[in-house]
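**Q** give me a 3D structure for the following:
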Amino acid sequence: ALRLSYLRAGGHDLAILDQLLQLQVEATVLEKGTTGLRGGRRMGKPQPQPWDHPPAGTLSPQPATEAPPAVPAEPHGTGARGPDAALLAVELENRRLEDELLALKVRRERRADAGSRAVQQHAEELAQLQAEVGMLQCHTERTGRQLLPAILPPAVAPLFPP
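**A** Residues are numbered from 1 along each chain as shown. Below you'll find the model as predicted:
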């Protein structure tokens with residue numbers, strides 16, 4: 001949504017678009033990482049249930065909390081990590097290309113708008129000039145094609161040196 005707002009507002013800086021894409025990638029990875037940790041696993045260790053915890057008052061070793069992996073982890077023997085990572089990479093490249101395409105469309109629309117505004121302005125100027133020509137033609141027809149006497153400044157004799 002942020003990228004679309006940026007593009008619609010006229011943004012076309014590739015560095016900013018790339019940064020927005022990277023932020024979206026991170027958000028997607030985090031979303032997939034958290035869903036993968038909750039219920040996204042098909043095979044492997046069963047998810048811990050509330051009744052699996054030891055009774056209150058007993059101590060059990062707690063695993064250290066880790067940051068979610070960059071790509072959701074799959075069990076090592078399945079080979080599913082490669083296709084998931086490849087799919088994610090293709091999706092991200094697709095989104096980047098869609099953003100680039102949208103930016104190009106926005107620029108083309110703006111150029112077309114600017115061109116149509118220029119055409120409209122020229123058409124208005126042409127109509128105004130044609131109206132003036134029409135008025136001048138009517139004026140000359142009414143006056144009987146008489147030429148108005150030219151208004152010239154008074155003649156000045158050339159100055160001779162003393």
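**Q** ok, and the closest non-adjacent residue to Arg107?
**A** His12 (6.2 Å; C-beta to C-beta, 6 or more residues apart in numbering). Every residue, glycine included, has its C-beta placed from N, CA and C.
**Q** repeat for Ile16
**A** With sequence-adjacent residues excluded and distances taken as C-beta to C-beta, 6+ apart, Ile16 is closest to Tyr6, at 6.8 Å.
**Q** surely that neighbour and Ala15 touch.
**A** No - at 11.9 Å, Tyr6 does not count as touching Ala15 under the criterion of C-beta atoms under 8 Å.
**Q** looking at these two, which one has more neighbours?
**A** Set Tyr6 next to Ala15 and count neighbours by other C-beta atoms under 10 Å: Tyr6 wins out with 17 against 7.
**Q** that one: which element?
**A** Following DSSP states H and E, one finds Tyr6 within helix 2-8.
**Q** mean confidence score for the next helix or strand after that helix?
**A** Per DSSP H and E, the first helix or strand lying C-terminal to helix 2-8 is helix 14-38. Model confidence over helix 14-38, given as mean pLDDT, is 76.
**Q** flag every buried residue along helix 14-38.
**A** Residues of helix 14-38 classed as buried by neighbour count (16 or more other C-beta atoms under 10 Å): Leu17, Leu20, Leu21, Gln24, Val25, Val29, Lys32, Gly33, Gly36.
**Q** got it, and stretch 115-125?
**A** So, applying 16+ other C-beta under 10 Å, stretch 115-125 has no buried residues.
**Q** report the rounded mean pLDDT for that stretch.
**A** In this model, stretch 115-125 has an average pLDDT of 89.
**Q** ok, now stretch 90-110?
**A** pLDDT averaged over stretch 90-110 gives 90.
**Q** equivalent analysis for stretch 139-153, please.
**A** For stretch 139-153, the per-residue pLDDT averages 71.
**Q** can you give me the end-to-end distance of it?
**A** With C-alpha to C-alpha, to the nearest Å as the measure, stretch 139-153 spans 26 Å from end to end.
**Q** packing partners of the lengthiest helix in the chain?
**A** Criterion DSSP state H: the longest helix present in the chain is helix 81-142. Contacts defined by 3 or more C-beta pairs under 8 Å, 6 or more residues apart in numbering; DSSP states H and E place helix 81-142 against helix 2-8, helix 14-38.
**Q** between helix 14-38 and that helix, find me the angle.
**A** Going by axes from the mean of the first three to the mean of the last three C-alpha atoms, to 10 degrees, helix 81-142 is angled at 140 degrees with respect to helix 14-38.
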